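Visitor: missing the sequence, but the structure's below:
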């Protein structure tokens, strides 16, 4: 690790909940994707519910748990308890991440989500795959949760990656303070920036927040030379209409020929994260299936192309 950064920056920690290597969906080339914990939005379709809260959390795989109770006596916070022979978890008590319950579980039914990693540790992980980045034009992508929630740690990680010659990208909902964004963008090669809904009232219903800050931040990035690729999570009957797609295209029309505007990624709805809600004793907010057909996706893709905007359909 290059010591061009101050020691304090390298010793700073980021709270993460996953590291995904050899990722090819979140930025160019082969990438290492680091997930930061904590998010200001509550999107009803979120596939990473373990990334919403900054706290450490207990995930319990009930189909693996045999209700042996081995975790109950080892937890110093009394988070685990037995109720009529069934293992349950108290969600109103903060986990201190001692991992004693995780170690006591012989069935691997318990996972403590949230790990504090120093910046130099994360950069060492990223550097393990430098050859892949070099051959493919890849690098580091930081997502979440919402990575801008931990702005100082994010900046230290991105700056460290640049010192190591690694390309950087972040996935963001865009809901962050503009002054933080100005500092962050100095170290970002590509913003993967979500537009979830153009109507502010519907946006609040779906995500818990208004979209004014988000759209203003997107304008700022585009107008100040940051490379941006817009990402659109698409749900059947929610934001897939021709009118909604046209509203997004109209918003982006002034930037259509900007060299730093890299087009739109369509992210079709999926249900991959639904099972994790049960492990956290959370209710999945979306009732029904909002998946789109191939015809639906073809239509959306063609509508965006008709507006003269580069578009890519991301298939996970």
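Guide: Looks like it arrived, so ask away. Everything numeric here is computed off the predicted structure, so don't read it as measured data.
Visitor: give me the low-pLDDT residue ranges for this structure?
Guide: The chain contains residues with pLDDT under 70 at 1-10, 316.
Visitor: rerun at 90
Guide: 1-12, 272, 314-316 (pLDDT under 90).
Visitor: domain assignment for it?
Guide: Split into domains by automatic domain parsing, the chain comes to 7-53+115-313, 57-113.
Visitor: Packed most tightly, which of these would that be?
Guide: Among the domains of the chain, domain 7-53+115-313 has the highest mean neighbour count (mean count of other C-beta atoms under 10 Å), at a mean of 18. C-beta here means a position set from N, CA and C on the backbone, and glycine is covered the same way.
Visitor: What ranges does the stretch 1-150 of the chain have for its helices?
Guide: Taking DSSP state H, counting those that start in this stretch, the helices of the stretch 1-150 of the chain run over residues 7-11, 100-104, 119-127, 130-136.
Visitor: Surely residue 136 and residue 23 touch.
Guide: No. In this structure residue 136 lies outside contact range of residue 23 using C-beta atoms under 8 Å: 11.0 Å.
Visitor: list residues touching both of these two?
Guide: Common neighbours of residue 136 and residue 23 (criterion: C-beta atoms under 8 Å, 6 or more residues apart in numbering): residue 30.
Visitor: Which of the helices of the stretch 1-150 of the chain sits closest to residue 36?
Guide: helix 119-127 (10.3 Å; C-beta to C-beta).
Visitor: Which elements pack onto the closest one?
Guide: helix 7-11, strand 13-23, strand 31-36, helix 151-163 (3 or more C-beta pairs under 8 Å, 6 or more residues apart in numbering; DSSP states H and E).
Visitor: looking at those, which is closest to residue 85?
Guide: Going by C-beta to C-beta, the one of those nearest residue 85 is strand 13-23, 30.9 Å.
Visitor: Pairing partners for that closest one, with directions?
Guide: strand 31-36 (antiparallel), strand 115-118 (antiparallel) (DSSP bridges).
Visitor: now that strand against helix 119-127, angle please.
Guide: Compare the direction of strand 13-23 with that of helix 119-127 by axes from the mean of the first three to the mean of the last three C-alpha atoms, to 10 degrees and you get 0 degrees.
Visitor: neighbouring contacts of strand 13-23?
Guide: 30-38, 48, 50-51, 54, 113-119, 122, 125, 129, 132, 141, 145, 150, 153-154, 156-157.
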